[in-house]
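**Q** A predicted structure for the sequence below; I have some questions about it.
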Amino acid sequence: MKNFVYLCAYMINFNYHNPTKVIFGKAVVTQLGREAVKYGNRALVLIGQGSVKKNGLLDLVWAQLESMGILPTLFEGIRPNPVYQDCDKAVQVALEANVDMIIAVGGGSVLDSAKAIAMGYHVNHSIWDFYTQKAPKPASALPILAVLTLAATGSEMNPYTVIQDTENGLKIGYGSPLLYPKVSFLDPTYTFSVSPTQTAYGVVDLISHCLEEFFEPTPSPLSDCIATDIIRLAFQYGRQVVTEPENYEARAQVMWLATMALNGSLSAGKYGGDWGVHALEHSLSVLFDIAHGAGLAIVYPAWLKYHQTQASAKLDFLAARVLGDGHTGVEFIEALEAFYTEMGAHIRLGQASIGADKHPQIIENWTKSKASGGFFKLASQDYPALLELMA
Ligand code: NZQ
Ligand code: ZN
C-alpha cells in the first residue's frame, strides 16, 4: 500500500482574501498609467526575451507610464525557467533607479521574477535566500503591477513565485501575501502571438493546477466542482486556442480559466492541494530546461496511473464531471493523454528526447529535492515505478 495521508474528514477553517485587482478585456492596458501613478513615479519595467517588443505591447506600456509622468527603467532578458542571478541583477538596477514599483510585462517567468525582485529590494542578501529558507519571510515588498501575455500559471492573481538555481539543480516555489500583484491587466489579444506549443503548455499547466487542488482529499465540494468545471472548459477552449490563435473568445476563456485555477478559489476549505506532480516536474525543468507545462504533460498521466487505486473515487468523479456520466477514471486518464497529444504536447520522456540514460539524473534530483506531495506521499521507493510510467 502506498503512503497516503488523509488528514481531515471535514472542510477546514479558512480565510479567503485575494487583494489583486484584475482588469480584464480588450485594450485594458490603456488604464495602466492611472493605476500605476497611485504607487509612485518611478517604475522598473521587467520583460522577458523580446516577445513584448515584437508585438508592440512594451511601447504601449511605456507611453502609458510617460503620459502620467512616471519614469520607467527597463530590465530585459528574464528567461523562461527564470534564474535567481537575473533577479539579483534587477534588484541592483531597481535600487539605482530608486523605483517605487515594478511593472511586469510578460508570462509567469517575468511575473515570478518581479515578485522576487519586489522582496529583494528591501534586503541585503540574494533573493535566493528566501527560496532556500535561509532568510526570514520578507517584511515588505515593492508593489507589483502585472501586464500578462500568456495564460498559464495564475501568477497574475496569486502570491507565489518559482525561481531556479540552474548550477545546483534546484527549482523552488515560494509564497508571501506581500507578493500578490496590486493590479493585473489581462488583455487576451496579447496572447494571440503565443506559439501553439507554448499555448498548449499553458492549458496543461492550468489543468494541472486544478488537479493538484482537486486531489487533496479534504472535502470541499464547491472547490471540487469548480476545479472539474475548469478542466472541462479547458478541454473545450484549449482545442480552439491551439488551432485558432486569434480567436478572441477562446483566448479570453482560457486566460480567465488559468487565472481562476490558481488564485485561491479551488483551495478554499482545503489545506492547499497535493502539489506532488509540480515537485516532480520542477526537476525536469531545471535539469533539461523544458517548459513547465511540457514537463507536466509527461508527469501527470504517470502520477494518475500510479495512484489509480487510492484515488479511484475522485478519479471517477472527475471523469463523470469532465467527460459525462458513466465515464470511469481510467477513461479520464486516457482522454487527458489524448487531449495533450492532440494539442501537440509530449506525454512521454522519450518523445521529448529525454532517454533512459537520463533516468538516474532525474531520480537523483527528486531525491535531493525530496519531491513528494502533501497527501500522496512519495518517497525514493516510488520513484523508479513512476519514472517507468513516464518513459
Ligand atoms: O521571454 P519572452 O520573449 O517574453 O517569451 C516568452 C517565453 O519564451 C514567450 N511568451 C510569453 N508571452 C508571449 C510569448 N511569446 C509570444 N507572445 C506572447 N504574448 O513564452 C515563453 C514562456 O514564457 P514563460 O513566462 O516562461 O511561461 P509561463 O507563463 O508558462 O511561466 C512559466 C514559469 O512559471 C512557473 C513555472 O515553473 C515557470 O518557471 N510557475 C509559476 C507559478 C506561480 N507563480 O503561481 C505556478 C506554476 O505552477 C509554475 O510553477
Ligand atoms: Zn504549474
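**A** That came through, no problem. Ligands and ions are numbered 1, 2, ... in the order given.
**Q** this structure against ligand 1: which residues are in contact?
**A** Taking C-beta under 6 Å from any ligand atom as the contact definition, the chain meets ligand 1 at 48-52, 55, 80-82, 106-110, 112, 149-150, 152-155, 158, 160-162, 190-191, 193-194, 198, 202, 205, 262, 278, 292-293. Any C-beta I mention is one placed from the backbone N, CA and C, and that applies to glycine too.
**Q** among the residues you listed, which lie within strands?
**A** Residues of those located in strands (DSSP state E): 106, 160, 161, 162.
**Q** and the first one, how many neighbours?
**A** The one in question is residue 106. Residue 106 has 27 neighbouring residues, counting by other C-beta atoms under 10 Å.
**Q** what is it paired to in the beta sheet?
**A** Beta-bridge pairing of residue 106 under DSSP bridges involves residue 148.
**Q** so who does residue 176 touch?
**A** Residues in contact with residue 176 (C-beta atoms under 8 Å, 6 or more residues apart in numbering) are 119, 137, 138, 141, 159.
**Q** which of the residues you listed has the largest number of neighbours?
**A** Of these, with other C-beta under 10 Å as the count, residue 119 tops at 26 neighbours.
**Q** what about the residue in the stretch 251-391 of the chain that ligand 1 sits nearest to, neighbour count?
**A** Nearest residue of the stretch 251-391 of the chain to ligand 1: residue 292, at 3.7 Å (C-beta to the nearest ligand atom). Here the number of neighbours of residue 292 (other C-beta under 10 Å) works out to 25.
**Q** just to check, it is in contact with residue 285?
**A** Yes - look at residue 292 against residue 285 with C-beta atoms under 8 Å: they come within range, at 5.6 Å.
**Q** mutual contacts of these two, please.
**A** residue 81.
**Q** any stretches of this protein with poor pLDDT?
**A** 1-8 (pLDDT under 70).
**Q** once you drop chain neighbours, what's closest to the residue of it most remote from its centre?
**A** When distances are taken from the C-alpha mean of the chain, residue 69 lies farthest, 33.1 Å away, according to C-alpha atoms, centre = their mean. Leaving aside its chain neighbours, residue 69 sits nearest to residue 41 (6.0 Å; criterion: C-beta to C-beta, 6 or more residues apart in numbering).
**Q** that neighbour and residue 63: what is the separation?
**A** 16 Å (C-beta to C-beta, to the nearest Å).
**Q** list the residues that contact residue 95.
**A** Residues in contact with residue 95, defined by C-beta under 8 Å, 6+ apart, are residue 121.
**Q** host element of it?
**A** According to DSSP states H and E, residue 95 maps onto helix 84-96.
**Q** and that helix, which residues are buried?
**A** When burial is assessed from 16 or more other C-beta atoms under 10 Å, helix 84-96 yields the following buried residues: 84, 86, 87, 88, 90, 91, 94.
**Q** keeping just the C-alphas, turn that helix into CSV.
**A** Only the C-alpha atoms of helix 84-96 are listed here, as CSV (Å, rounded to 0.1, in the frame of the first residue of the first chain):
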residue,chain,number,x,y,z
TYR,A,84,17.9,33.9,-9.3
GLN,A,85,21.0,35.6,-10.7
ASP,A,86,18.9,37.7,-13.1
CYS,A,87,16.6,38.7,-10.3
ASP,A,88,19.6,39.8,-8.1
LYS,A,89,20.9,41.9,-11.0
ALA,A,90,17.5,43.5,-11.5
VAL,A,91,17.4,44.4,-7.8
GLN,A,92,20.6,46.4,-8.3
VAL,A,93,19.1,48.2,-11.3
ALA,A,94,15.9,48.9,-9.3
LEU,A,95,17.9,50.3,-6.4
GLU,A,96,20.0,52.6,-8.6
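**Q** can you list the domains in this protein?
**A** The chain is divided into the following domains under automatic domain parsing: 27-186, 202-390.
**Q** now the ones you listed as CSV including distance to residue 16?
**A** Shown next, in CSV, are these (distance: least, C-beta to C-beta, whole Å):
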stretch, distance to residue 16
domain 27-186, 12
domain 202-390, 5
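**Q** what about residue 271, distance to residue 213?
**A** Residue 271 sits at a distance of 10 Å from residue 213 (criterion: C-beta to C-beta).
**Q** so for these two, which sits in the more crowded spot?
**A** Ranked by neighbour count (other C-beta under 10 Å), residue 271 and residue 213 place residue 213 first, with 27 against 17.
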